[in-house]
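*Asks:* Give me coordinates for this.
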Amino acid sequence: MKEAAFIEALRKLPLHQASKGLEDDAAILELGDETLIITHDMLVEGKHFLSSQDMADVAWKLVATNISDLAAKGAQPLGVLLGHMLGEDDERFLEGLDDVLSHYGVPLLGGDTVSGGSPRAFGLTAIGKATHRPVPARSGARNGDAIFVTGQLGAAMLGFEALRDGTDGDPMPYTNPMARLIEGSDLAPLVTAMMDISDGLLLDAFRMAKASEVSFAISSTQVPVAAPDRRDDCLRWGDDYELLFTMPDGTFPPVPATRIGTVEPSGFAPLFLDGEPLVNAEGLGYQHGE
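*Replies:* Numbers count the residues shown, from 1 in each chain. Okay, here's the model as predicted:
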């Protein structure tokens with residue numbers, strides 16, 4: 001099954017209200033006066049990292065990608081649970097895990113360890129506490145809102161190519177992404193919708209527009225990219241873990257960010273790129289099973 005079809009099938013199962021209908025990247029669990037944010041992501045060898053990569057970097061990316069989901073909720077990380085498949089260079093994995101947990105000030109709560117062959121797969125559950133309620137979601141973007149992104153897109157793509165090809169480029173944006181925790185916390189009280197960009201700007205913007213039941217009009221030339229001569233690739237490649245968010249027009253974000261478009265009433269397509277309607281999510285970014 002393709003990823004979208006499998007998730008649609010999951011929606012027919014009994015779901016907790018915290019799952020938000022599986023329309024978001026994290027569960028939002030209300031517990032008295034506190035709100036917990038719970039997310040889980042996996043990395044698979046050959047899909048999310050190269051077999052030749054330093055396992056310390058794999059550990060970093062595993063944690064950072066999950067912490068990025070918490071950042072998109074403006075959450076404060078509380079701890080993580082690790083699912084680890086034993087194999088070569090476990091010592092390096094542990095060193096990287098120590099580095100990334102120390103960097104984000106996040107403790108290990110537990111998890112599970114299994115044996116297995118190749119390709120290896122790793123999972124991580126991250127738990128955080130909301131710093132603002134209501135918690136930002138993919139839904140909530142409103143007609144007339146401004147669309148923003150943090151940082152620059154396409155750096156992870158260039159980093160992957162440098163690592164794969166052994167060139168002089170910087171692989172760090174791909175191997176060691178940085179979750180925008182501080183930015184997410186600062187933005188949480190102000191945004192109408194927010195998510196991190198993991199599968200490509202165009203695909204994630206398409207998803208946010210659909211969840212909000214609006215259309216996004218994005219100008220490609222306004223998007224800050226790492227390779228202007230490969231702008232279209234930068235908009236679709238993903239793995240950048242920058243924040244995509246919407247705010248009322250005339251409101252200025254308290255963090256460095258670039259306005260890339262405007263939210264419009266729901267129209268012929270969820271996403272318009274330079275005025276051209278994009279009616280189908282296929283080809284807009286990375287989706288498993290394609």
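*Asks:* how about the closest residue to residue 59 other than its chain neighbours, what does it touch?
*Replies:* Leaving aside its sequence neighbours, residue 59 sits nearest to residue 96 (Cβ to Cβ, 6 or more residues apart in numbering; 3.4 Å). Any C-beta I mention is one placed from the backbone N, CA and C, and that applies to glycine too. By Cβ atoms under 8 Å, 6 or more residues apart in numbering, the contact set of residue 96 is 54-60.
*Asks:* Residue 283: which of those residues is nearest?
*Replies:* Closest approach between the contacts of residue 96 and residue 283, by Cβ to Cβ: residue 58, at 28.0 Å.
*Asks:* re the thing from before, going by neighbour count, which residues in the helix or strand harbouring the residue nearest to residue 59 are buried?
*Replies:* Secondary structure from DSSP states H and E places residue 96 in helix 90-104. Buried positions in helix 90-104, judged by neighbour count with 16 or more other Cβ atoms under 10 Å: 92-93, 95-97, 99-101, 104.
*Asks:* and if you look at stretch 189-207?
*Replies:* Residues 190-207 are the ones in stretch 189-207 that count as buried (16+ other Cβ under 10 Å).
*Asks:* so who does the nearest residue to residue 274 once chain neighbours are set aside touch?
*Replies:* Spatial nearest neighbour of residue 274, chain neighbours left out: residue 220 (5.4 Å); criterion: Cβ to Cβ, 6+ apart. If you count contacts by Cβ under 8 Å, 6+ apart, residue 220 has them with 231-232, 235, 273-274.
*Asks:* Residue 147: which of those is nearest?
*Replies:* Nearest to residue 147 among those is residue 273, at 11.9 Å by Cβ to Cβ.
*Asks:* hang on, the closest one packs against residue 206?
*Replies:* No. Counting by Cβ atoms under 8 Å, residue 273 does not reach residue 206; the two are 9.8 Å apart.
*Asks:* Common neighbours of the two, please.
*Replies:* With Cβ under 8 Å, 6+ apart, residue 273 and residue 206 have no common neighbours.
*Asks:* name the helices or strands packed onto whichever strand or helix holds residue 246?
*Replies:* Assigned by DSSP H and E, residue 246 belongs to strand 243-247. Strand 243-247 sits against strand 146-149, helix 181-187, strand 193-196, helix 201-212, with contacts defined as 3 or more Cβ pairs under 8 Å, 6 or more residues apart in numbering; DSSP states H and E.
*Asks:* Quick one: the ones you listed as JSON lines, columns for distance to residue 76 too.
*Replies:* Putting those into JSON lines (distance: least, Cβ to Cβ, whole Å) gives the following:
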{"stretch": "strand 146-149", "distance to residue 76": "22"}
{"stretch": "helix 181-187", "distance to residue 76": "7"}
{"stretch": "strand 193-196", "distance to residue 76": "16"}
{"stretch": "helix 201-212", "distance to residue 76": "23"}
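*Asks:* To residue 15, which of those lies closest?
*Replies:* helix 201-212 (15.9 Å).
*Asks:* where does that closest one sit relative to the chain's centre, distance-wise?
*Replies:* 12 Å (Cα atoms, centre = their mean, to the nearest Å).
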